[in-house]
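> Need a 3D model of the sequence below.
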Amino acid sequence: VGPGESYDYIIPVLEEHAPGLHWIHPHHHGSTSLHVGGGAASAFIVRDPPGFLPPQLEDAAEKVMVFQDIDMFKLQQQALRANDEK
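Here you go, the predicted model:
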């Protein structure tokens, strides 16, 4: 996805998975600390089944925002401890 562009990923989820807003990150072993520290994390939305919520909630406008506050010194220390060098 290029700069200033967006893409909606559609990922199959088990029907019995709890609905809600979840936090996900890439999980390439040996690089997780550096990936997350570089901003490679996102919101993962599992939608409620139709009729699950009261109408006033189901019809409400959605705004999804993801904030990250990363302490670069701690990130570098964690990367060294985890042997994250990739």
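> Gln56 versus Gly4, what's the distance?
Separation of Gly4 from Gln56 (Cβ to Cβ, to the nearest Å): 35 Å. C-beta: built from backbone N, CA, C; applies to glycine.
> brain fart, Trp23
Trp23 sits 26 Å away from Gln56, going by Cβ to Cβ.
> Just the C-alphas of the helix or strand of the chain with the lowest mean pLDDT, formatted as CSV.
Every helix and strand in the chain was compared by mean pLDDT, DSSP states H and E; the lowest is helix 32-37, with a mean of 75. Extracted in CSV, the C-alpha atoms of helix 32-37 (Å, rounded to 0.1, in the frame of the first residue of the first chain):
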residue,chain,number,x,y,z
THR,A,32,8.7,-8.4,16.4
SER,A,33,10.1,-5.6,18.7
LEU,A,34,11.5,-3.7,15.7
HIS,A,35,8.4,-4.2,13.6
VAL,A,36,6.0,-2.9,16.3
GLY,A,37,8.5,-0.1,17.2
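> where does the chain dip in pLDDT?
Confidence mapping of the chain against pLDDT under 70 gives the ranges 27-30, 84-86.
> the longest helix in it is where?
Taking DSSP state H as the criterion, the chain has its longest helix at helix 72-81.
> and that helix, how far from the chain's centre?
When C-alpha coordinates are averaged (Cα atoms, centre = their mean, to the nearest Å), helix 72-81 and its chain have centres 21 Å apart.
> Please apply the same query to stretch 53-73.
11 Å.
> circling back: list the buried residues for the longest helix of the chain?
With burial defined by 16 or more other Cβ atoms under 10 Å, the residues of helix 72-81 counted as buried are 75, 78-79.
> same thing with stretch 35-48?
Buried positions in stretch 35-48, judged by neighbour count with 16+ other Cβ under 10 Å: 35-37, 41.
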